[in-house]
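[1] quick one, what's the 3D model for this:
(one chain, ligands or ions: 1)
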Amino acid sequence: MSGEKFEKDHNPAELSLGESDQDDNATLFGSNGDPQGPAVAHFNIREGTFDGQTLVNGEQGIRTENNISVLNGNSAQATDLARSQLSQLQYNENRISLDRSINTASNILSNLQAENSVRPIYYPTNIQDETLDSKLNSKSSKLALIRHNSVGNSQHLLTEQRGSSSETYSFELLKINLKIGPSSENLLQTLDKSALSQLLNEKFSHIKRHLKSLGERIDDTSSKVLVTGDLNSGKSAFCNALLRRKVMPEDQQPCTNVFCEIVDARDNNKGIEEVHAVPIGSVYLKNDERTYKIFPLEELEHLVYQSEHYSLLIVYVTDNRPVNQSLLKNGVIDIKLIDAPGLNLDSYHTTQVFSRQEEIDLVVFVVNAENHFTLSGREFISSATNDKNLIFIVVNKFDNIRDQNKCKRKIMDQVHSLSPETYKNSSNFVHFVSSREMINQNPGGDGPDGNPDDGDGPHSPDFDHLEASLRKFLVEKRSLSKLLPAKNYLVKLYSDLIELSQINEKLYNESKIGAENELKELGPQYDEILQLSAKTNEKVSRLIESVSSEVYTNSRDQINRIINEVDHLSLGIKFEGYSNITEFARQVQEGIIGKILEVVSSAEEHARNETSSAIDEIKRLGVQALGEGSLPNTRFIPSSMYSKKKDNLQRHIENEVSLFDFVDPNFESFCKICGITIPDSRTNLLIGLTANKLWAGGLSSMAILYGPQVISTVTGIASISNYIPKFVVTKVVPGTLIGIAIGMPLYYLYKDAPYAYQRNVVKKIKRKIESEDYQHLNSLRISKEVRKVLNYPAKDISNAFATTIEKQSLRRSKILSDLKTSEISLSFYRELTKQVKEQYQIVQSFDLESVHTVN
Ligand SMILES: Nc1nc2c(ncn2[C@@H]2O[C@H](COP(=O)(O)OP(=O)(O)OP(=O)(O)O)[C@@H](O)[C@H]2O)c(=O)[nH]1
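    Numbers count the residues shown, from 1 in each chain. Have a look, this model is predicted:
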């Protein structure tokens, strides 16, 4: 039946056989005559039939010829069939709801995968596991992980949480277990964020694939029954007994080596009985004949041995028995029987894998009543029970047992220990039968050529009961065989998702609160550090400014002083006559420049000392503001200051010495040299100065430049001698005057030469200094160096501040981004928790009936 025909909007719980006085037809559910609307199921109570509109498994209910004949002839059977069909309707209701829930679950997982790729989902590594050391599962490690994984460094929250009690989580389907050996620790806790996220993603994909196959399984209209058991226990015989004909080869020697799928030929192979042998490595596609080889049914007894060629034999057989008797063709669903090879070392694993396939609805385990359960049989049953698969246990060859009660007791004891659930419902799930008797009573069977009996074929109460249980379980209780696994899976999945979502919701909420608190704390801290930085930098700048300008002033003053004093400085250089005049000139020049440079050096030394103290002060200010250890550990080396060639004054002074450099007539020195007392009273000072000026500007030049005229003047004076007594004029006066006029300047010039040279050099130097603005440039040079050196610790401070501010700023933006992440995630998980809880309720409410109420 196409599921879409029975659409939503009606509650499966309301399905019931209608009993109305006015109307024999009860409407089970449906639309009100709307042809496009959901199908309508009408059940005629008197006739025990559905009307022609009612679709059952894709067919029009019971309007087939066979069915009508059967139903007309037997109202009890009709009621049975009606019940089957009613259960089919109910099945469809549940199936559609489950389908919807499977799709929802799959979408939720896709959303989680998308979320996981952007913001890694927190997956607790402290999952409850009896084998795990709970000491490893502290809450702090969990929080450390979420911090590491997704939120970042909200350190205080981490600390806050450390005190709280540890929690463990229990997942069933979402459990990721990375244990290598049974005793080893779960490696989950050692994984990093991306690895964990990847694993979770894979887990989601795996679950999605499983959901898909569950969806396919519940949509599949057929049911598969895997018949397995120990070697030679009579599995093939049991299949034949169910078919009431010898289809599968039976042998005392192990014979069935290939899995055989017995399928109704009428519905699935146009009624043709044959075997489709699927070669190893091929996947059976009915419509593609390249995927299998066709053999007549008679070949089956050879084919079952050919496990080296074939992996699967599809055996198409026709079961002509009425729908209420035939298991394969029961009028409701397709049932396929799979006759598996007997369990031995080779086949055990394959059979176990086979039994876990989604399309296996029921496992029938055939055990030989004579041998009881073998080791492999016991293992198979406990493993199937662990997988929560329902198992029918058929104790075959019971006809061979003499003390049947004893045998029953022993086997039931074994069942009890193997599967308590099966034991509890043993009347439905454990059957003691003889397959051989069923076949022997009906050797011809109801094959295609055999006469379908009248429905009263061979009977055995035990076998009838077994068949009835199987039928009811597969046909009427399909909800259990097909839908229950899907429901259980969804219940587990939603329960895990609720837990996962709630954990994330809780942690992201905590994370959000933490981030908000951190931001609150960080705001003032950030402003504080900004202000402190500005203040400290300003203080340091002011300090640098004041030290540099003090150094500048000091240097300038000192240089000025020496320049002023240099005229009168005693250089202690002896003038050893004009023969050594060049050497004298050099020594004088060097002496004067040396004096100036001495002062420059002393200004530099002063600058060094000032720099050193200023560095200490700047460092102190830095430590005061930023704390110990916040600045780089640097050491000031005073000698590194002014280490380069500091002065090129000497190079600028002309080295050439001319004779005129030694001539500098000066009244003062003249007086000094000539023994003339200089007026020193205040009133005479002006005269002295004027005279000095005159000398400086006139007499000295006059003596040098106008010497001849002076002499001629003196000569002129000599002409006056005509009026003076001759001997005076001719002998005394001229001689004296000439002697005075020539001798004194010459004497003066000779004596003054070294001083004059010094004065001239000083003048020269002063001129040079003046033209070059030497004092300013040198003071500037010295103070600039101070500023440059002081800028290093200042820069260290501003760098340290910049780093702190940047750190704070980075932290702030990190917290802001964490906050945003937390808010987005929080709203995602809030919504998710709501959704998965709703889905959990919905799935829980599906009424598939109690598993063990088969009757
Ligand atoms: N007495 C008795 N013999 C049975 C019964 N069922 C099967 N046998 C015999 O037991 C032997 C093995 O039966 P099979 O049906 O081939 O057993 P099997 O479990 O299919 O064998 P493998 O598939 O080879 O493991 C055959 O000789 C059957 O005739 C039974 O109910 N009673």
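
[2] for burial, what's the neighbour tally of the residue of the stretch 651-800 of the chain found nearest the ligand?
    In the stretch 651-800 of the chain, the residue that lies nearest the ligand is Ala800 (84.5 Å; C-beta to the nearest ligand atom). Every residue, glycine included, has its C-beta placed from N, CA and C. For Ala800, the count of nearby residues is 20 (other C-beta atoms under 10 Å).

[3] before we move on, what about Asn580?
    Counted by other C-beta under 10 Å, the residues lying close to Asn580 total 12.

[4] how close does it sit to the ligand?
    Using C-beta to the nearest ligand atom, to the nearest Å, Asn580 is found at 137 Å from the ligand.

[5] correct me, but the residue of the stretch 651-800 of the chain closest to the ligand touches Leu626?
    Yes. Using C-beta atoms under 8 Å, Ala800 makes contact with Leu626 at a distance of 5.2 Å.

[6] this protein against the ligand: which residues are in contact?
    Within the chain, the positions near the ligand by C-beta under 6 Å from any ligand atom are 231-237, 250-252, 254-256, 341-342, 396-397, 399-400, 434-436.

[7] just the element for the residue of the stretch 651-800 of the chain closest to the ligand, please.
    helix 774-845 (DSSP states H and E).

[8] can you give me the strands in the protein?
    25-29, 41-44, 49-50, 55-56, 59-60, 222-229, 259-264, 274-279, 293-295, 310-317, 334-339, 360-368, 391-396, 430-432 (DSSP state E).

[9] hmm, Val415 is touching His431, no?
    No. Val415 is beyond contact range of His431, at 11.4 Å (criterion: C-beta under 8 Å).

[10] so what sits against both of these two?
    Ile393 (C-beta atoms under 8 Å, 6 or more residues apart in numbering).

[11] on that earlier part again, and Asn440, which of the strands of the chain is closest to it?
    The minimum distance between Asn440 and the strands of the chain falls on strand 391-396, with 13.7 Å, by C-beta to C-beta.

[12] okay, helices next: where are they in the stretch 101-250 of the chain?
    139-146, 155-162, 193-219, 235-243 (DSSP state H, counting those that start in this stretch).

[13] among those, which gets the worst mean confidence?
    In terms of mean pLDDT, the lowest-scoring of these is helix 155-162 (a mean of 35).

[14] tally of neighbours for the residue in the stretch 601-750 of the chain that the ligand sits nearest to?
    In the stretch 601-750 of the chain, no residue comes nearer to the ligand than Gly629, which is 82.1 Å away by C-beta to the nearest ligand atom. For Gly629, the count of nearby residues is 8 (other C-beta under 10 Å).

[15] just Gly627 next, same as before
    For Gly627, the neighbour count with other C-beta under 10 Å is 11.

[16] phi, psi of it?
    With angles defined as degrees, to the nearest 10, Gly627 sits at phi 90, psi 160.

[17] now do the same contact list for the closest residue to Asn396 other than its chain neighbours.
    The shortest distance from Asn396 to any non-neighbouring residue, by C-beta to C-beta, 6 or more residues apart in numbering, is to Gly234 (4.0 Å). Shown in contact with Gly234 (C-beta under 8 Å, 6+ apart): Glu250, Val366, Asn368, Asn396, Lys397, Ser435, Arg436.

[18] give me the pLDDT for Gly234.
    92.

[19] same check, this time on Val588
    Residue-level pLDDT assigned to Val588 equals 79.

[20] correct me, but Lys410 touches Glu370?
    No. Counting by C-beta under 8 Å, Glu370 is not a contact partner of Lys410; they are 11.4 Å apart.

[21] show me what the longest helix along the chain is packed up against.
    Taking DSSP state H as the criterion, the chain has its longest helix at helix 484-565. The contact analysis (3 or more C-beta pairs under 8 Å, 6 or more residues apart in numbering; DSSP states H and E) places helix 484-565 against helix 75-118, helix 139-146, helix 155-162, helix 193-219, helix 581-626, helix 744-772, helix 774-845.

[22] right, and those helices - which one's nearest Ala468?
    Comparison of the helices and strands packed on helix 484-565 against Ala468 by C-beta to C-beta identifies helix 75-118 as nearest, at 9.9 Å.

[23] quick check: mean pLDDT of the closest one?
    82.

[24] before we move on, back to that, separate out the buried members of the contacts of Gly234.
    Neighbour-count burial (16 or more other C-beta atoms under 10 Å) applied to the contacts of Gly234 gives Glu250, Val366, Asn368, Asn396, Lys397, Ser435, Arg436.

[25] these into JSON lines, with extra columns for pLDDT and distance to Ile615?
    Compiled in JSON lines, those are given as follows (pLDDT from 0 to 100; distance: C-beta to C-beta, whole Å):
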{"residue": "Glu250", "pLDDT": "86", "distance to Ile615": "106"}
{"residue": "Val366", "pLDDT": "93", "distance to Ile615": "98"}
{"residue": "Asn368", "pLDDT": "91", "distance to Ile615": "101"}
{"residue": "Asn396", "pLDDT": "93", "distance to Ile615": "102"}
{"residue": "Lys397", "pLDDT": "93", "distance to Ile615": "105"}
{"residue": "Ser435", "pLDDT": "91", "distance to Ile615": "105"}
{"residue": "Arg436", "pLDDT": "88", "distance to Ile615": "110"}
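
[26] let me see the contact set for the residue of the stretch 651-800 of the chain closest to the ligand.
    For Ala800, the contact set (C-beta under 8 Å, 6+ apart) comprises Gly622, Leu626, Ser630, Leu631.

[27] go again with 10 Å.
    Ser533, Thr536, Gly622, Val623, Ala625, Leu626, Gly627, Ser630, Leu631, Pro632 (C-beta atoms under 10 Å, 6 or more residues apart in numbering).

[28] narrow those to just the buried residues.
    In terms of neighbour count (16+ other C-beta under 10 Å), the buried residues within the contacts of Ala800 are Ser533, Thr536, Gly622, Ala625, Leu626, Leu631.

[29] make JSON lines out of the buried ones among the contacts of Gly234 and add distance to Leu196.
    Listed next are the buried ones among the contacts of Gly234 as JSON lines, based on distance: C-beta to C-beta, whole Å:
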{"residue": "Glu250", "distance to Leu196": "55"}
{"residue": "Val366", "distance to Leu196": "46"}
{"residue": "Asn368", "distance to Leu196": "50"}
{"residue": "Asn396", "distance to Leu196": "51"}
{"residue": "Lys397", "distance to Leu196": "54"}
{"residue": "Ser435", "distance to Leu196": "53"}
{"residue": "Arg436", "distance to Leu196": "58"}
